[in-house]
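A.B. asks: need a structure here:
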Amino acid sequence: MKQAHVMILAGEASGDAHAAEFVEQLKLQQPQLKLSGMGGKAMQKAGVDVFFDSSIIAVVGLVEVLRHWGDIKRAMDMVKQRLDQTRPDLLILVDYPEFNLKMARHARELGIKVLFYISPQVWAWRPKRIHKIGSLIDHMAVIFKFEKQYYEKAGIPVSFVGHPLVDKVKADIDARKIRMQMGISPEQRVVGLFPGSRTSEISRLLPLMFATARQMQAREPRLKFLLPVASSLDFDELSERCSNSGLDIIVTRDEIYDVISCCDAIASCSGTVTLEIALHNVPMCILYKMSWLSYLIMSRLITIPHIGLANIVADKAVVKEFLQQDANPDAVSRELFELLENQAYRDQVKQGLKQVRDNLGSGDGARSMAKLVLSLLDQQTT
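C.D. replies: Now for the predicted structure:
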């Protein structure tokens with residue numbers, strides 16, 4: 001019997017992590033499965049033969065994509081070449097839609113079955129593209145319950161597999177012990193600075209976070225700041241930048257949930273990490289900055305009132321968002337101090353974050369995804 005081959009394409013750190021989780025479940029259920037793809041360190045560690053490092057192309061914004069077009073084109077050419085040469089039984093596309101849908105088209109031309117995992121945000125902008133997506137894939141695996149109805153209405157095969165982050169929540173984190181190991185005393189308050197996993201996010205948000213931290217430390221000198229570094233980023237480079245800032249920042253690659261649990265409040269980028277923070281019920285605010293050209297174009301396309309995933313899932317503004325010129329040190333530091341010092345406001349935000357968790361479902365997403373993958377492979381061989 002021919003060894004089944006699954007190719008997985010993940011273009012960002014979050015996609016790399018989510019792919020690694022269902023890969024581990026796949027290998028438990030079918031150890032002989034051949035797995036290759038584009039991804040990062042998490043997929044590699046899980047046992048995927050990674051032929052292109054996706055951290056090179058993890059950028060956000062239209063202008064930023066143009067700047068990195070050479071690397072993106074090189075990745076596309078390599079993926080197409082691998083599809084031509086290996087003809088996998090199933091191609092799994094993890095998020096990163098602008099890139100992955102181009103690869104879906106090529107796979108379709110070769111007769112390769114395509115599963116898309118983590119739907120493009122058709123509910124947020126360009127809703128009509130759902131029909132184009134449906135023409136390029138065989139099945140959609142969604143992670144938010146509300147997404148399923150969009151695909152069912154369009155007649156596209158879809159499964160709700162649950163959000164992978166729910167499985168990862170730890171109930172037994174000893175935050176006091178972790179803080180002690182980091183040299184943080186029990187009475188010190190800790191603010192998390194979470195600038196994201198893409199180099200373009202770092203370049204736009206880190207200067208703002210440094211300026212915010214300076215204002216906060218001037219008012220409260222004993223404040224500590226924690227900055228987690230994603231696996232897709234250069235740890236030494238970020239450590240040096242934080243060291244040169246003159247601020248009391250602990251730079252860490254510790255497990256993200258351990259870092260979150262140590263924080264009293266967090267200033268975060270707008271992506272998946274806002275859900276991770278919400279799942280641990282830590283008050284936060286969300287920062288979003290991109291080039292003005294990208295922002296002008298995107299603001300005309302977006303059809304929902306929120307940018308941060310935590311607010312989108314809650315379907316209301318449970319935490320404050322600071323966009324473009326509103327994302328400034330005065331406004332952000334003021335909000336963080338409110339989250340630290342105003343107990344009634346803090347409790348209100350935490351209550352809203354509980355709703356985010358409730359809306360994400362009961363978990364078991366990685367196992368559900370693995371089950372769907374094996375089901376699609378069985379259909380291939382029968």
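
A.B. asks: not counting its neighbours along the chain, what's nearest residue 364?
C.D. replies: residue 162 (5.6 Å; C-beta to C-beta, 6 or more residues apart in numbering). Using the backbone N, CA and C atoms, a C-beta is placed for each residue, glycine as well.

A.B. asks: that neighbour is in contact with residue 141, isn't it?
C.D. replies: No - under the criterion of C-beta atoms under 8 Å, residue 162 is not in contact with residue 141, lying 9.7 Å apart.

A.B. asks: between those two, who's got more neighbours?
C.D. replies: residue 141 (27 against 23; other C-beta atoms under 10 Å).

A.B. asks: so that one, which of the three states?
C.D. replies: strand (DSSP: H, G, I helix; E, B strand; the rest coil).

A.B. asks: is it true that it touches residue 116?
C.D. replies: Yes - counting by C-beta under 8 Å, residue 141 touches residue 116, with 6.9 Å between them.

A.B. asks: tell me which residues touch residue 258, please.
C.D. replies: Neighbouring residues of residue 258 by C-beta atoms under 8 Å, 6 or more residues apart in numbering: 173, 175, 178.

A.B. asks: and the last one, how many residues sit next to it?
C.D. replies: In terms of burial, residue 178 registers 17 neighbours under the definition other C-beta under 10 Å.

A.B. asks: so it touches residue 254, yeah?
C.D. replies: Yes - in this structure, residue 178 is within contact of residue 254 by C-beta under 8 Å, at 7.5 Å.

A.B. asks: intersection of neighbour lists for these two?
C.D. replies: Jointly contacting residue 178 and residue 254 under the rule C-beta under 8 Å, 6+ apart is no residue at all.

A.B. asks: burial of the closest residue in space to residue 23 that isn't next to it in sequence, as a residue count?
C.D. replies: Ranked by C-beta to C-beta, 6+ apart and with sequence neighbours excluded, the top spatial neighbour of residue 23 is residue 46, at 4.2 Å. Residue 46: 22 surrounding residues under other C-beta under 10 Å.

A.B. asks: measure residue 46 to residue 368 for me?
C.D. replies: 17 Å (C-beta to C-beta, to the nearest Å).

A.B. asks: and residue 293, by the same measure?
C.D. replies: On the measure of C-beta to C-beta, residue 293 and residue 368 end up 40 Å apart.

A.B. asks: more crowded one of the two?
C.D. replies: residue 368 (20 against 12).

A.B. asks: that one and residue 163 touch, don't they?
C.D. replies: No - between residue 368 and residue 163 there is no contact under C-beta under 8 Å: 10.3 Å.

A.B. asks: residue 53 contacts residue 40, doesn't it?
C.D. replies: Yes - using C-beta under 8 Å, residue 53 is in contact with residue 40, at 6.6 Å.

A.B. asks: the two: which has the busier surroundings?
C.D. replies: residue 40 (28 against 16).

A.B. asks: what sits against the closest residue to the more buried one other than its chain neighbours?
C.D. replies: Counting by C-beta to C-beta, 6+ apart, residue 40 lies nearest to residue 16, which is 3.7 Å off, once chain neighbours are set aside. By C-beta under 8 Å, 6+ apart, the contact set of residue 16 is 10, 39, 40, 41, 42, 43, 54, 94, 231, 232.

A.B. asks: which among those end up buried?
C.D. replies: 10, 39, 40, 41, 42, 43, 54, 94, 232 (16 or more other C-beta atoms under 10 Å).

A.B. asks: and the pLDDT for the last one?
C.D. replies: It stands for residue 232. Reading off the confidence values, residue 232 has pLDDT 78.

A.B. asks: surely it is in a strand?
C.D. replies: No - using three-state DSSP, the secondary structure at residue 232 is coil, not a strand.

A.B. asks: where do the strands sit along the stretch 101-250 of the chain?
C.D. replies: 113-117, 139-142, 158-160, 190-194, 224-228, 249-252 (DSSP state E, counting those that start in this stretch).

A.B. asks: tell me the strands beside the shortest one, with direction?
C.D. replies: So that's strand 158-160. Each strand paired with strand 158-160, and its direction, by DSSP bridges: strand 139-142 (parallel).

A.B. asks: name the surrounding residues that touch the partner strand.
C.D. replies: By C-beta under 8 Å, 6+ apart, strand 139-142 touches 114-119, 133-134, 148, 151, 156-161, 369, 372, 376.

A.B. asks: buried subset of these, written for PyMOL?
C.D. replies: A single PyMOL command selects the buried members of the contacts of strand 139-142 (16+ other C-beta under 10 Å):
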select buried, resi 114+115+116+117+118+119+133+134+151+156+158+159+160+161+369+372+376
